[in-house]
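A.B. asks: sequence first, then the predicted structure:
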Amino acid sequence: MADSDRFSFRVDSTDEIVELLGEDGLGSNSLDRQSQLEGAMGALLGDSAELAARLGDPRLELDTVSRTYLLLGAVLQRASASPAQSVVDVLAMLSATQSALGTMERAEFLTGVALARVRTAEASADDVDVIGVLRDNSLRIGFPTRVRTTLGTVIESLGQVQGQPLVDLLLNDDFTLDNVARSTYLLGVAAERAGLIPSSQMAEEFGSGWGLLGHLFDPALEVETTSRALFLLGAATERSSTSPEEVLQRLHDPYWAMGLGDKAVVLLVAASLRPTVAIDAGTFLGGSAAALSMFAERVITIDVDAARERHIEELANVEFVCGVAAEVLEELLPSERSAELVVLDAAHTADGIVAEVEQLLKSPPTRLRAVLIHDSAMQMCRDGLDSVDWEGNPVVRGATLDFVPGEVSKDGLMGGGLAVVWLLE
């Protein structure tokens, strides 16, 4: 078949396009022709409202790469008065070698960008239901694809001034976060910047700090905890006027001995509560203290090893106290009644963790709202946590010991994980 004959047919509906592209005759041995055909069919696709659905259409028997490029061709055809310029811009990015995103990830992101460009003059970012996209598991689209495509749409809607810095962070390979985690976090930043994340109804009952935290406990948002926390952390970053770059740096801080999900939840709770005083039991290399210092007015960090103080010396709002955490808490809490957040990561024995928890629960600071306990999946810590009567304690609103699940280490032992304990006001 000559090149001039390849696209001599006409199609009148998206259904015909889907059926044609799914035919077995377009096999892997005709990849070049198939690639050209995808671009041509993309240009013929109908109403732009159907484009996102096409990614998940079960009749479209193409891999995700092919379907994404199909949609990319479609939206670019109708993107602007000068679609050729859009094609140039997109191809330049897709072919860039100095990028933290692979070709597939860039294609997904740019599909979202192009979808935004086909909006009518009356359309705005307000019609992007970001929470709805994240929670809709009926879509035959993987979570990473949903995130990156939606991110592209929202960033394009923000415009050059507000959107370009986020694109730069997305492409910055200085961070060790994988593409999905970084995209999820930046989607939260972009969505909040565009005013697309409503406050949770829990804010009316528990205060403004729960405007985002409430979504963390939304049973309808069926997204695993780490991704949910990263998305909401992005939004909290924007609400607190904190630099997204600083938060990304903290998330991949090698001196912070926690998993990504643990870090995201600690940062999210701190950013939401904005505590006057936060207490960090277990200084170690200073990772948690540094993270808390971004959002708390004062941080008190405790460690049994006096040498640990050197790790926080450059943090102006962090104070170091040397001693056994449970004993220090017993002396400290009566004078620090304004503490609102405590992170426990000191004792790693059953008796040790119980002693720390008992000090907090027998006489909690007046404003204490949350206790985050790291390594809750470690067997010795878990034995201690399981022995605490959480439900019978009058000051505990709720306790989830596997809020962030632990992981199996190389030696086959469980470790990590984060327990979250909420206290009554």
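C.D. replies: It's in.
A.B. asks: okay, CA-based contacts and neighbour counts for the rest of this
C.D. replies: Fine.
A.B. asks: now the strands for the stretch 151-300 of the chain?
C.D. replies: All strands of the stretch 151-300 of the chain, identified by DSSP state E, counting those that start in this stretch, fall at 277-281, 298-303.
A.B. asks: and stretch 319-332, how far apart are its ends?
C.D. replies: Using CA to CA, to the nearest Å, one end of stretch 319-332 lies 12 Å from the other.
A.B. asks: buried residues in it?
C.D. replies: Residues of stretch 319-332 classed as buried under the neighbour-count rule (16 or more other CA atoms under 10 Å) are 319-326, 328-330.
A.B. asks: now stretch 185-199: how far from the chain's centre is it?
C.D. replies: Centroid separation between stretch 185-199 and its chain, computed with CA atoms, centre = their mean, to the nearest Å, is 11 Å.
A.B. asks: cool, stretch 293-310 as well?
C.D. replies: 26 Å.
A.B. asks: and for stretch 317-326?
C.D. replies: Relative to the centre of its chain, stretch 317-326 is centred 31 Å away, using CA atoms, centre = their mean.
A.B. asks: ok, stretch 310-329 next?
C.D. replies: For stretch 310-329, the separation from the chain centroid amounts to 30 Å (computed by CA atoms, centre = their mean).
A.B. asks: again with stretch 181-194
C.D. replies: 7 Å.
A.B. asks: so that it lines up with my notes, have the first residue be 173 from now on.
C.D. replies: From this message on, residue numbering opens at 173, which makes the last subject stretch 353-366.
A.B. asks: what is the rounded mean pLDDT of it?
C.D. replies: The average pLDDT within stretch 353-366 is 94.
A.B. asks: surely Val285 touches Gly331?
C.D. replies: No: the criterion here is CA atoms under 8 Å, and Val285 misses it with Gly331 at 10.7 Å.
A.B. asks: compare those two and say which is more crowded by neighbours.
C.D. replies: Val285 (26 against 10; other CA atoms under 10 Å).
A.B. asks: assign the more buried one to helix, strand or coil.
C.D. replies: Secondary structure state of Val285, per DSSP: H, G, I helix; E, B strand; the rest coil, is helix.
A.B. asks: who's in contact with it?
C.D. replies: Val285 makes contact with 321, 324-328, according to CA atoms under 8 Å, 6 or more residues apart in numbering.
A.B. asks: for these, which one is nearest Asp477?
C.D. replies: Distances from Asp477 to the contacts of Val285, taken as CA to CA, are shortest for Ile327 (46.3 Å).
A.B. asks: who are the neighbours in contact with the closest residue to that closest one other than its chain neighbours?
C.D. replies: Counting by CA to CA, 6 or more residues apart in numbering, Ile327 lies nearest to Gly335, which is 4.9 Å off, once chain neighbours are set aside. By CA under 8 Å, 6+ apart, the contact set of Gly335 is 327-329, 362.
A.B. asks: from those, which single one is nearest Ala375?
C.D. replies: Nearest to Ala375 among the contacts of Gly335, counting by CA to CA, is Ala362 at 21.5 Å.
A.B. asks: these two touch, right, Phe467 and Arg446?
C.D. replies: Yes: taking contacts as CA under 8 Å, Phe467 lies within contact range of Arg446: 5.4 Å.
A.B. asks: when these two are compared, which one has more neighbours?
C.D. replies: Set side by side, Phe467 and Arg446 show more neighbours around Phe467, with 24 against 20, by other CA under 10 Å.
A.B. asks: where does Gly282 sit: helix, strand or coil?
C.D. replies: Not Gly; residue 282 is Leu. Following three-state DSSP, the label given to Leu282 is helix.
A.B. asks: Arg365 versus that one, what's the distance?
C.D. replies: As for Leu282, its distance to Arg365 is 19 Å (criterion: CA to CA).
A.B. asks: with neighbour numbers in mind, choose between those two.
C.D. replies: Counted by other CA under 10 Å, Leu282 and Arg365 do not tie: Leu282 has more neighbours, with 29 against 20.
A.B. asks: so of the buried residues of stretch 491-504, which ones are in helices?
C.D. replies: If you go by DSSP state H, those have 497-498, 500-502 in helices.
A.B. asks: would JSON lines of the contacts of Gly335 with distance to Gly458 and neighbour count be doable?
C.D. replies: Converted to JSON lines, the contacts of Gly335 look like this (distance: CA to CA, whole Å; neighbours: other CA atoms under 10 Å):
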{"residue": "Ile327", "distance to Gly458": "34", "neighbour count": "28"}
{"residue": "Glu328", "distance to Gly458": "38", "neighbour count": "23"}
{"residue": "Ser329", "distance to Gly458": "39", "neighbour count": "25"}
{"residue": "Ala362", "distance to Gly458": "30", "neighbour count": "29"}
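A.B. asks: show me where pLDDT drops low in this structure?
C.D. replies: 173-273, 275, 286-300, 308-313 (pLDDT under 70).
A.B. asks: can I see the domain layout of it?
C.D. replies: Domain assignment for the chain by automatic domain parsing gives 173-277, 296-424, 435-595.
A.B. asks: could you count how many residues lie near the nearest residue to Leu585 once chain neighbours are set aside?
C.D. replies: What sits nearest to Leu585 in space, not counting adjacent residues and going by CA to CA, 6+ apart, is Met550, at 7.8 Å. Counted with other CA under 10 Å, residues neighbouring Met550 total 20.
A.B. asks: same check, this time on Cys553
C.D. replies: Neighbour count of Cys553, defined by other CA under 10 Å: 22.
A.B. asks: make sure Glu277 is indeed in a strand.
C.D. replies: No: if the criterion is three-state DSSP, then Glu277 is helix and not within a strand.
A.B. asks: what about the closest residue to it other than its chain neighbours, how many residues close to it?
C.D. replies: Among residues not flanking Glu277 along the chain, Arg320 sits closest, at 7.2 Å (CA to CA, 6+ apart). By other CA under 10 Å, the residues close to Arg320 number 27.
A.B. asks: isn't Arg320 up against Val302?
C.D. replies: No: counting by CA under 8 Å, Arg320 does not reach Val302; the two are 11.5 Å apart.
A.B. asks: chain center to the strand ranked longest in the chain, what's the gap?
C.D. replies: If you go by DSSP state E, the chain has its longest strand at strand 568-576. With CA atoms, centre = their mean as the basis, strand 568-576 stands 20 Å off its chain's centre.
A.B. asks: no further queries at this time; thank you.
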